[in-house]
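>>> Pasting a predicted model and its sequence here:
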Amino acid sequence: ISPDQASLRGFLRTVKQEYNQIITGLVDFSTDSVLTGKQLLAAVNSIVLGEGDIAIRKGQFWAERMQEIPTTSPADNLLYTDSQTIVLTGGLGSLAFILAHWLLDRGARSFVLIGRREPNSDQRKQINELKERGAKIFVVISDLSDEHQLKSALDEHNDVFDTITDVFHLAGSLTDHLIETSTVETLLEPFYAKGLGTHVLTKVFDALDLDRMIYFSSIASVLGSVGQLNYASANSFMDAHAAYQQAKGKKTMSINWGPWKTSGMISQLSEKERHRIEEKGFELLSNEHALELLEKSLLRARSHQVAIAGFNSELVNTMPPSMQSLITPKSPIHSEKVMETKFISELRKAKEGQRPQLMNQKLKSILYSSLKLRPDTDIDSRERLFDLGVDSLIALELKNTLQKELQVPISSTLLFDYPTLEALVKYLLSDLLSEVLESVDRITEVVEETAMGSVEGSDEGSDEDSDTDEESDEAALLRALDNLKGMNLS
């Protein structure tokens, strides 16, 4: 897929995460061949049945599948010499310093650290620690998205330019926004480093015969990520750019990282946000484990794209088709619908006066889980939920959970429109589910009335009536059905 179009992958995968009632997918076809209506229909049908993306080449359909890199230990470790220079973008971040120490352990001695601003006191301390271990450090201050500025800054270190053999592109920025609050500016923000920066780097170092160009991408582009439409889209561009470069004969790889415990983008998150990530099934990677897997990938992987992430299969609900052979969700997809109808079934069976209490309990259980509250915590039905600690991501999580439980489309502005438990319960029962529940109530009422009429019209104890029980039951059923004509039961 063209890098210019690849951002749609991360975009659509995030749409699916935020609006789980929407089916999303991408059909990629070559303009060199004719795409028939029958082929397009078959591709769309595959997506509707669960396939994420379909590529059509010369009439053949292709779907993405991931394979595990062999787990056997590599015969050799990754080794460098003191004559090689390694470039690290995002070079003044915590992840870059961790990577630099790891590369030092493997023989590297010369580093170019590219950052947007002059190093602060803590970063200078980190640089000095590398120097004390024998490293030569060249700090380059430049905006990666500005080709002229980057070339000018590198010219000041022209004596080491020809010794550059490896480039690790770590730079990136993370600003979470739900789809409904995204703007053109917020969508473009990650693209300055991940999009333009990637393009500029390949142009600047194109003349060098690099041993490797490694892009640090994110698992968000593979799975989609709530609140990260921009980030997933930008990383999808980078993944496709690696494929494009590799097709040109360049030694380029994009690594879709899952979250690390203490480094990378997760270092910007609160403790509550980290817990939320773990609840979705991610296992946070330790620095040591992540670097061990990085070494294995650099030595053994031949693909342009490698995903390195930890998953807890007990917590993972769903996986895209591309990963289902590697990660088994905790429950089959088809069983999810059984769980979805359980609460609706309880509401149907309950009397009208009991339903507000049931709905209130359901909402509280979701909030207790999302906010990490004790089960005995009292939530005032008239208290604003945002005052309890609910944020936009939790609001979306509650909306998606309710949508699965109630099996009806729900607006993503649910908590903004109905910000208390009292307002939520009233809206959900009186407006959203009114037709469904009123139909059930009317059916019960009609059947009860018909059955009562049958009893009142009988002559108890008559032998003749005992001979016509079956006919009476059939007549009662027909009368009930006749009374239901014209009712909306959908």
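That came through fine.

>>> low-scoring stretches of the stretch 251-400 of the chain, by residue?
Within the stretch 251-400 of the chain, the set of residues satisfying pLDDT under 70 comprises 264-274, 313-319, 321, 324-341.

>>> which residues in it form helices?
Using DSSP state H, counting those that start in this stretch, the helices of the stretch 251-400 of the chain run over 271-279, 287-300, 335-349, 355-371, 392-406.

>>> Could you single out the most deeply buried of those helices?
helix 392-406 (a mean of 19; mean count of other Cβ atoms under 10 Å). No exception for glycine: its C-beta is placed from N, CA and C like everyone else's.

>>> Report the distance from that one to the chain centre.
Distance of helix 392-406 from the chain centroid (Cα atoms, centre = their mean, to the nearest Å) equals 15 Å.

>>> cool, and stretch 120-140?
The answer for stretch 120-140 is 36 Å, by Cα atoms, centre = their mean.

>>> on that earlier part again, need the helices of the stretch 251-400 of the chain in a markdown table with distance to residue 379, can you?
Formatted as a markdown table, the helices of the stretch 251-400 of the chain follow (distance: least, Cβ to Cβ, whole Å):
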| stretch | distance to residue 379 |
| --- | --- |
| helix 271-279 | 17 |
| helix 287-300 | 39 |
| helix 335-349 | 19 |
| helix 355-371 | 6 |
| helix 392-406 | 13 |
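
>>> so which of those helices gets nearest residue 429?
Taking Cβ to Cβ, helix 355-371 is the member of the helices of the stretch 251-400 of the chain nearest to residue 429, at 5.6 Å.

>>> Export that closest one to PDB, keeping only CA atoms.
Once non-C-alpha atoms are left out, helix 355-371 reads as follows in PDB (Å, rounded to 0.1, in the frame of the first residue of the first chain):
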ATOM      1  CA  ARG A 355     -36.000  -1.700  36.000                       C
ATOM      2  CA  PRO A 356     -34.600   1.600  37.300                       C
ATOM      3  CA  GLN A 357     -32.800  -0.300  40.200                       C
ATOM      4  CA  LEU A 358     -31.400  -2.800  37.700                       C
ATOM      5  CA  MET A 359     -30.100  -0.100  35.400                       C
ATOM      6  CA  ASN A 360     -28.700   1.800  38.300                       C
ATOM      7  CA  GLN A 361     -26.800  -1.300  39.500                       C
ATOM      8  CA  LYS A 362     -25.500  -2.000  36.000                       C
ATOM      9  CA  LEU A 363     -24.200   1.600  35.600                       C
ATOM     10  CA  LYS A 364     -22.500   1.500  39.000                       C
ATOM     11  CA  SER A 365     -20.800  -1.800  38.300                       C
ATOM     12  CA  ILE A 366     -19.200  -0.300  35.100                       C
ATOM     13  CA  LEU A 367     -18.100   2.800  37.000                       C
ATOM     14  CA  TYR A 368     -16.700   0.800  39.900                       C
ATOM     15  CA  SER A 369     -14.500  -1.100  37.400                       C
ATOM     16  CA  SER A 370     -13.500   1.900  35.400                       C
ATOM     17  CA  LEU A 371     -12.700   4.200  38.300                       C
END
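
>>> Now do that helix against helix 392-406, angle only.
Orientation check (axes from the mean of the first three to the mean of the last three Cα atoms, to 10 degrees): helix 355-371 against helix 392-406 gives 140 degrees.

>>> which residues are in contact with helix 355-371?
Helix 355-371 has contacts (Cβ atoms under 8 Å, 6 or more residues apart in numbering) with 343, 346-347, 350, 373-375, 377, 379, 381, 385, 388-390, 394, 397-398, 401-402, 405, 421, 424-426, 428-429, 437.

>>> most centrally placed residue in this protein?
residue 225 (2.6 Å; Cα atoms, centre = their mean).

>>> Of the helices of the stretch 251-400 of the chain, which is nearest residue 151?
That would be helix 287-300 among the helices of the stretch 251-400 of the chain, by Cβ to Cβ, at 27.4 Å.

>>> ok, residues contacting that closest one?
With contacts defined as Cβ under 8 Å, 6+ apart, helix 287-300 is touched by 69-70, 74, 76-78, 98-99, 102, 212, 214, 253, 255, 257, 260-263, 285, 306, 308, 310.

>>> Perfect, that will be all.
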